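Participant: Build me a model from this:
(2 chains)
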Amino acid sequence: MHVPVTITVNGQRYEHQVEPRLLLVHFLREVIGATGTKIGCDTSQCGACTVLLDGVSMKSCTALAVQADGYEVTTIEGLANGSELHPIQDAFWEKHGLQCGFCTPGMILASVELLRTTPDPTDEQIRHGLEGNICRCTGYQNIVRAIRHAAGTMAGQR
Amino acid sequence: MSTRIFGSGIRRREDPRLITGTATYTDDLTLPRMVHAAMLRSPHAHARITSIDTSNAAAAAGVVAVYTHADTVGALQPTPCAWLLPDSDLKVATYHGLAKDVVRYVGDLVAVLVAEDRYAAEDALELIEVDYEPLPAVIDPEQAAKDGAPQLHDEIPRNQAFHWTVAGGDIDAAFEQAEVVVSDRIIQQRLIPNAMETRAALASYTTATGELTLWNTTQNPHIVRFLMSGVCGLGEDKIRVVAPEVGGGFGSKLAVYPADFVTVFCSMRLGRPVKWTETRSENYQATTHGRDHVQQVELAAKKDGTITGLRCTVYAGMGAYLSTAAPGIPTILHGLMLSGPYTLPAVKEDVYGTYTNGTPVDAYRGAGRPEATFMLERMMDLLAAELEMDPVDVRKKNLIPKFDDGHEVITTLSYDSGDYPAALDKVLAHADYAGLRATQAKGPINGTYLGLGLANYVEMCGLGPSQVAGAIGFQGGLWESAIVRFHPSGKVHVFIGASPHGQGEETTFAQIVSSELGVDPNDVKVFHGDTDMTPMGWGTYGSRTTAVGGAALALTARKIRDKAKVIAAHLLEAAVEDMDYEDGKFFVKGAPDQHKTITDIALMANVAWNMPEGVEAGLEASTFYDPPNFTFPFGTHLAVVEVEAETGVVTLTRYIALDDCGPQINPVIVEGQVHGGVVQGIGQALWEEAVYDEGGQLVTGSMLDYALPRADMLPDIEVLSTVTPSPHHPIGVKGVGEAGTIGSTVAVYNAVIDALRPLGVTSIRMPLTPERVWQAIQQAKG
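Facilitator: Residues are numbered from 1 along each chain as shown, chains lettered A, B, ... in the order given. All right, here's what the predicted structure looks like:
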């Protein structure tokens, strides 16, 4: 049995017939081919699959595609404005906030949420805000630096 | 340019694709006609397979094929072990791609199912009916070696995979004449590496040509190609292995795996591309684990703190089969490091590798060296406590003095260069060690105890001379290769045999070319991880990519410079011996204004309109660099903890890491490597453990149950460095990938025990969870 869904991803509207059990992350990666969103675990621990649903972060492995019906999803592919990086993307680059890059899409989108709700976070708030996202390469320190740096950039832009 | 680029923390060249979601990892690939494989794995730690019925599964919707061992006979050879340790009575158990008759760990492969999509494959997998007759299982590596323990392999008595020894000096005399002896029993618990990308394979076999391409999450595609040619019966000329973007490895993507060969087998049978991607739970069961030592250690010393001998017995769990590099990890990379940074007159170690009903164990960041450093640094603290000396003083008594060009230790290694006392002193000064001790001496505050933990370490990395590789049974070479190719416009392509997967060599290698030849690092593109495109190389592990591959690249760049100088001399109508070079410019000595740049030369060499006689067209060179020795980075780490006696909660308040990896090509990348390494080591000390129950079930079978370090559990790491170049390396670098991990586990452990000394606690089994710490405090109270 398949059901129709209409999901807007990074501004592009997609209409597909999907199995009701299809996870949103599989919709993104396998149905529409947006593979920037990663899968790092099967228990919603790692946060690699974090996306924005109508601007609010969520782990796309914990939602069904049918639950996203009618919503707007933002993935890592949709964050930059053309060739102009989002300040958080640029900050991860500038502060060496990534190594293998696999957790990075989820980490960056979780950071978008963090700075949306806490525009001028302390290091402690940043570390607390990232507890749902696992990185095995960086030890988190440069991710914290990156988010602090991005917070400054974004404050300057407001 | 040279001085500015070498040593500059420029932004990474690889990052734009990674921060925009445009990088391509194995599971991101889709090919026309591609089908999906799912693996049926044993739910038992040890059992006999009495029957398998695949008929219902094969008939299910969307299923393309189901295969068991019987289907692979003649087509798939067993998965090889590639480190055949000599003089150790090594016994390699047969490791079938799909299990034959008996399964030996939870996760052992029983069948593979291929379907049109992944959901269909997982659905149908449940329809394969397997009857098992459970057999007794053993997980503990020491118990496995005992009489009466369950036997894994009929042909291998007492589950003994090998017995390896290292000995030097007169160890019996050292202990007979010892004025003081300290000892400990140390459990290096099993760890799960947890690269954020699970393993995956996409195999595409073309029946008409007999050619295969395998995209694979590997640290060493050329080794995969070499071993796979034997396992799958394909010529190396017919195989292309691609390591696309690889999401971390930490040793766990070093091995070759049955599931990858089985995926290849499926593609060869079906003539279609077959993709298989591990789930995380599957990764925990089937991708190699690390550590798993039971160590009995004793140290002989004089009353003034001078150490005289180290004697140890280690049981190293290998899991159910010997993984690719497994036998070399607890032996060569462990036992040969037992002198550490100290003068040790006598040593004896017996290492028993034992088969257990656990997931196979292989390299995990540090691979043998953290386990050696732990033993030695633990002994140092116990000796200090026994003699009522400060841990610093005991260490200073025994540190090898500064040396610049070679120092032989009792395990027969010849360290390249080191200044261990300087590293220790710098850390002590930075941390205000004396001040911290003074604070500690005031006693606990509200039941919270302050502890300081030191670790000095030296590691062998930059593996290594190939002649040594042969002598120690490594079934491959350990050199690396590089090709540098200048295009007519002066832009550069670099091809390397090593296969970085997050370490940033696309950047640091561009910096090497830039500093040697004066080109902009942004004009240097580094290719790696594709056996059809890059020269042969042995892979990225053992902190060797920059230490060995970087040397190959620097020497290649110098060959380019030599040729360019000849061409420049011709164009300037001068003699080659009168030419000088500086920052990308070739000129007649004393006349730098009249010069040719490397870009000028690249154009001329490529169009070849006016070349010196006898000089070939093109500006390209290659090097196969076989290092004359290992490199020996070193450092000192200091952990500061607070332990709450009432709850057993450990808080790491400061962590200072000094790592000397020689000259730093990109200090920002070096610091990042140290951060990550330190945190993995802290994870072992405080949180991480792969736990099996008595029946051999993996209790920590998902990320819900295995405690990985998270951002809010850690302080900022204070990173320091000293710079001691390797005398035998073209640019002096030593390697830094594993350094952080090697020092940090024991530094944190020592700090916790130091904190609890007033309460009489001398030993706690890792990880140091609040419950274990609290129990240890209660036991010490009596």
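
Participant: separation between the residue in chain A that chain B sits nearest to and B:K563?
Facilitator: The nearest approach of chain A to chain B comes at A:G36, 2.1 Å away (Cβ to the nearest Cβ). To be clear about C-beta, it is placed using only N, CA and C from the backbone, and glycine gets the same treatment. Distance of A:G36 to B:K563, given as Cβ to Cβ, to the nearest Å: 43 Å.

Participant: ok, these two, which is more surrounded?
Facilitator: Taking neighbours as other Cβ atoms under 10 Å in any protein chain shown, A:G36 and B:K563 compare with A:G36 leading, 25 against 20.

Participant: Can you name every helix or strand that the one helix or strand B:A510 maps to contacts?
Facilitator: According to DSSP states H and E, B:A510 maps onto helix B:505-517. Judged by 3 or more Cβ pairs under 8 Å, 6 or more residues apart in numbering or on different chains; DSSP states H and E, the packing partners of helix B:505-517 are helix B:2-5, strand B:492-496, strand B:524-527, helix B:550-571.

Participant: ok, back up a step: would you agree the residue of chain A closest to chain B is in contact with B:T20?
Facilitator: Yes: assessed by Cβ atoms under 8 Å, A:G36 is found in contact with B:T20 at 7.3 Å.

Participant: Please identify every residue contacting each of those two.
Facilitator: Listed as contacting both A:G36 and B:T20 by Cβ atoms under 8 Å, 6 or more residues apart in numbering or on different chains are A:76-77.

Participant: How many neighbouring residues does residue 151 have?
Facilitator: This is for chain A. A:A151 has 21 neighbouring residues, counting by other Cβ under 10 Å.

Participant: let's do chain B instead
Facilitator: B:Q151: 17 neighbours (other Cβ under 10 Å).

Participant: Where does it fall, secondary structure wise?
Facilitator: Short version: B:Q151 belongs to no helix or strand, going by DSSP H and E.

Participant: give me every residue that touches the closest residue in space to B:L234 that isn't next to it in sequence.
Facilitator: Spatial nearest neighbour of B:L234, excluding adjacent residues (Cβ to Cβ, 6 or more residues apart in numbering or on different chains): B:L212 at 5.8 Å. Shown in contact with B:L212 (Cβ under 8 Å, 6+ apart): B:203-206, B:232, B:234, B:238-240, B:264, B:267-268.

Participant: mind checking the SS state of B:L212?
Facilitator: strand (DSSP: H, G, I helix; E, B strand; the rest coil).

Participant: Tell me the confidence at it?
Facilitator: Note on B:L212: pLDDT of 98.

Participant: got the angle between the helix holding B:A510 and helix B:550-571?
Facilitator: Going by axes from the mean of the first three to the mean of the last three Cα atoms, to 10 degrees, helix B:505-517 is angled at 40 degrees with respect to helix B:550-571.

Participant: how far off strand B:492-496 does helix B:505-517 point, in degrees?
Facilitator: 120 degrees.

Participant: From B:S499, how far off is B:H729?
Facilitator: The gap separating B:H729 from B:S499 is 21 Å, by Cβ to Cβ.

Participant: between those two, which one's more packed in?
Facilitator: B:S499 (31 against 26).

Participant: quick revisit: quick check: closest non-adjacent residue to the residue of chain A closest to chain B.
Facilitator: In space, and not counting its chain neighbours, A:G36 is closest to B:G21: 2.1 Å by Cβ to Cβ, 6+ apart.

Participant: Roughly how far does the one you found sit from A:T35?
Facilitator: Distance from B:G21 to A:T35, by Cβ to Cβ: 7 Å.

Participant: What residues does the stretch 651-782 of chain B have near chain A?
Facilitator: B:668-669, B:671-672, B:675-680, B:702-704, B:708-712, B:714, B:716-717 (Cβ under 8 Å from any Cβ of the partner chain).

Participant: Buried among those residues? Need that as a selection in ChimeraX.
Facilitator: A single ChimeraX command suffices to select whichever of those are buried according to 16 or more other Cβ atoms under 10 Å in any protein chain shown:
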select /B:668,669,671,672,675,676,677,678,679,680,702,703,708,709,710,711,714,717
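
Participant: So which of the residues of the stretch 651-782 of chain B next to chain A are in helices?
Facilitator: B:668-669, B:671-672, B:675-680 (DSSP state H).

Participant: For chain A, just list every one of the strands.
Facilitator: A:3-9, A:12-18, A:50-53, A:56-59, A:72-74 (DSSP state E).

Participant: packing partners for the shortest one?
Facilitator: For strand A:72-74, the elements it packs on are strand A:3-9, strand A:50-53, judged by 3+ Cβ pairs under 8 Å, 6+ apart.

Participant: One more: the third one?
Facilitator: In this structure, strand A:50-53 packs against strand A:56-59, strand A:72-74, helix A:104-117, with contacts taken as 3+ Cβ pairs under 8 Å, 6+ apart.

Participant: Could you rerun that using 10 Å?
Facilitator: Counting contacts by 3 or more Cβ pairs under 10 Å, 6 or more residues apart in numbering or on different chains; DSSP states H and E, strand A:50-53 packs against helix A:24-26, strand A:56-59, strand A:72-74, helix A:104-117.

Participant: mind listing what's buried in the longest one?
Facilitator: This points to helix A:104-117. Of all the residues in helix A:104-117, those buried under the rule 16+ other Cβ under 10 Å are A:104-115.

Participant: With distance to chain B and pLDDT added, can I get these in a markdown table?
Facilitator: Compiled in a markdown table, the buried residues of helix A:104-117 are given as follows (distance: Cβ to the nearest Cβ, whole Å; pLDDT from 0 to 100):
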| residue | distance to chain B | pLDDT |
| --- | --- | --- |
| A:T104 | 6 | 98 |
| A:P105 | 5 | 98 |
| A:G106 | 9 | 98 |
| A:M107 | 10 | 98 |
| A:I108 | 7 | 98 |
| A:L109 | 10 | 98 |
| A:A110 | 10 | 98 |
| A:S111 | 11 | 98 |
| A:V112 | 13 | 98 |
| A:E113 | 14 | 97 |
| A:L114 | 11 | 98 |
| A:L115 | 15 | 98 |
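
Participant: Tell me the one of the residues you listed nearest B:N522?
Facilitator: A:T104 (21.5 Å; Cβ to Cβ).

Participant: Domain ranges for chain A, per the record?
Facilitator: A:3-78, A:87-157 (automatic domain parsing).

Participant: quick one: contacts for A:A34?
Facilitator: Contacts for A:A34 (Cβ atoms under 10 Å, 6 or more residues apart in numbering or on different chains) come out as A:9-10, A:12, A:14, A:25, A:27-28, A:51, A:73, A:75-78, B:21, B:28.

Participant: Select only the buried ones of the residues you listed in ChimeraX?
Facilitator: To isolate the buried ones among the contacts of A:A34 in ChimeraX, judged by 16+ other Cβ under 10 Å, type:
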select /A:9,10,14,25,27,28,51,73,75,76,77,78 /B:21,28
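
Participant: for the helices and strands packed on strand A:50-53, which one sits closest to B:K426?
Facilitator: From the helices and strands packed on strand A:50-53, taking Cβ to Cβ, the stretch that ends up closest is helix A:104-117, at 33.0 Å.

Participant: residues of stretch A:59-77 that come out buried?
Facilitator: Buried residues in stretch A:59-77, defined by neighbour count with 16+ other Cβ under 10 Å: A:59-61, A:63-68, A:71-77.

Participant: same deal with stretch B:95-114?
Facilitator: Buried, per 16+ other Cβ under 10 Å, within stretch B:95-114: B:95-99, B:102-114.

Participant: Next step: those residues restricted to strands.
Facilitator: Short answer: these in strands (DSSP E) are B:102-103, B:109-114.

Participant: Pipe these into JSON lines and attach pLDDT per row.
Facilitator: Shown next, in JSON lines, are those (pLDDT from 0 to 100):
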{"residue": "B:V102", "pLDDT": "98"}
{"residue": "B:V103", "pLDDT": "98"}
{"residue": "B:L109", "pLDDT": "98"}
{"residue": "B:V110", "pLDDT": "98"}
{"residue": "B:A111", "pLDDT": "98"}
{"residue": "B:V112", "pLDDT": "98"}
{"residue": "B:L113", "pLDDT": "98"}
{"residue": "B:V114", "pLDDT": "98"}
